[in-house]
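K.L.:
Give me a 3D structure for the following:
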Amino acid sequence: MSEKRFRCKHCGTEFSVPETALAKFPGWTPSQCLKCRKGAAGGAKPTSKPSQGGRAPMRGMVEENLTLTQVLERYQAGPDTGMFTDGSASPNPGPGGWGVVYVVDGEVIDQLHGHEPHTTNNRMELVALIEAYKISPKSTPLDIFSDSELCVKTVNEWAKSWERNGWRRKGGPIKNLELVQELYGLAQTRKNITLKWIRAHDGSRWNEYADSLATAYSRKIL
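P.N.:
From the prediction side, this is the model:
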């Protein structure tokens, strides 16, 4: 069986992926080895159902800081295919993190997360989206979901006119301009991707999973 080799962005080791698997997702570059993906979820299978079925109730935007395993046990609602991103800082500004998970039919294909010692929620949301665009397939149609309405509207509605006006806007300077420019540039080259807003903390399984990745820096257990 023909395989291609990659280097894991999490542990740094080389790993191989069969070309038959890569063919299912044209343009996708794997970023994490199987050991790290399985270890990140504490051994739980992403497709397993929660111990108590049904849609989780809305939590009024409350941050629970769940581990990945706890998320998979508790939630099952929402889209089960796409790339889900989230960013967090606590306090804001303060220490923060970002997370990205790529899911196809309820199976985790890839995931990434990172953190910064001093940042803001909005910066982490933007970084998460940038990383999602970077690892996403280059030709396969894909939805990227973010619960930051600000970021989604920035890319889908506002950035075009800001660019046309020399990256200026009537309301004053554009915050996090370098990240906005990078994200918008990626979005312009990836017409196969649709960026969508998803409501935060309403029980959507993979949005909660991305949130867990974004807050992983604050826990001992991923």
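
K.L.:
Can you show me the CA trace of the longest strand along the chain as PDB?
P.N.:
The residue-count maximum for a strand in the chain (DSSP state E) belongs to strand 107-119. C-alpha atoms of strand 107-119 as PDB (Å, rounded to 0.1, in the frame of the first residue of the first chain):
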ATOM      1  CA  GLU A 107     -15.100  11.200  12.900                       C
ATOM      2  CA  VAL A 108     -12.200  13.400  13.900                       C
ATOM      3  CA  ILE A 109      -9.900  13.700  10.900                       C
ATOM      4  CA  ASP A 110      -7.500  16.300  12.300                       C
ATOM      5  CA  GLN A 111      -7.200  18.800  15.200                       C
ATOM      6  CA  LEU A 112      -4.900  21.500  16.400                       C
ATOM      7  CA  HIS A 113      -4.700  23.800  19.500                       C
ATOM      8  CA  GLY A 114      -2.300  26.300  20.900                       C
ATOM      9  CA  HIS A 115      -2.000  29.100  23.400                       C
ATOM     10  CA  GLU A 116      -0.500  32.500  24.200                       C
ATOM     11  CA  PRO A 117       0.500  33.900  27.600                       C
ATOM     12  CA  HIS A 118      -1.200  37.300  27.000                       C
ATOM     13  CA  THR A 119      -3.900  37.800  24.300                       C
END
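
K.L.:
which residues touch it?
P.N.:
Residues outside strand 107-119 that contact it (CB atoms under 8 Å, 6 or more residues apart in numbering): 9-10, 25, 28, 30-32, 37, 40-41, 46-47, 89, 93-103, 123-124, 127, 131, 135, 213-214, 216-217. Where you see a C-beta, it was placed from the backbone N, CA and C, and this is true even at glycine.

K.L.:
Can you list the residue ranges for strands in the protein?
P.N.:
Assigned by DSSP E, the strands in the chain fall at 3-7, 14-18, 82-89, 94-104, 107-119, 142-146, 193-197.

K.L.:
Same list, those, but as JSON lines with distance to Trp158 please.
P.N.:
Converted to JSON lines, those look like this (distance: least, CB to CB, whole Å):
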{"stretch": "strand 3-7", "distance to Trp158": "36"}
{"stretch": "strand 14-18", "distance to Trp158": "38"}
{"stretch": "strand 82-89", "distance to Trp158": "18"}
{"stretch": "strand 94-104", "distance to Trp158": "21"}
{"stretch": "strand 107-119", "distance to Trp158": "22"}
{"stretch": "strand 142-146", "distance to Trp158": "15"}
{"stretch": "strand 193-197", "distance to Trp158": "13"}
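
K.L.:
which one of those strands has the most crowded surroundings?
P.N.:
Each of the strands of the chain was given a mean neighbour count from mean count of other CB atoms under 10 Å, and the largest, a mean of 28, is that of strand 82-89.

K.L.:
tally of neighbours for Lys134?
P.N.:
Per other CB atoms under 10 Å, the neighbour tally for Lys134 reads 14.

K.L.:
low pLDDT regions in the chain?
P.N.:
1, 10, 20-22, 24, 26-27, 34, 37-63 (pLDDT under 70).
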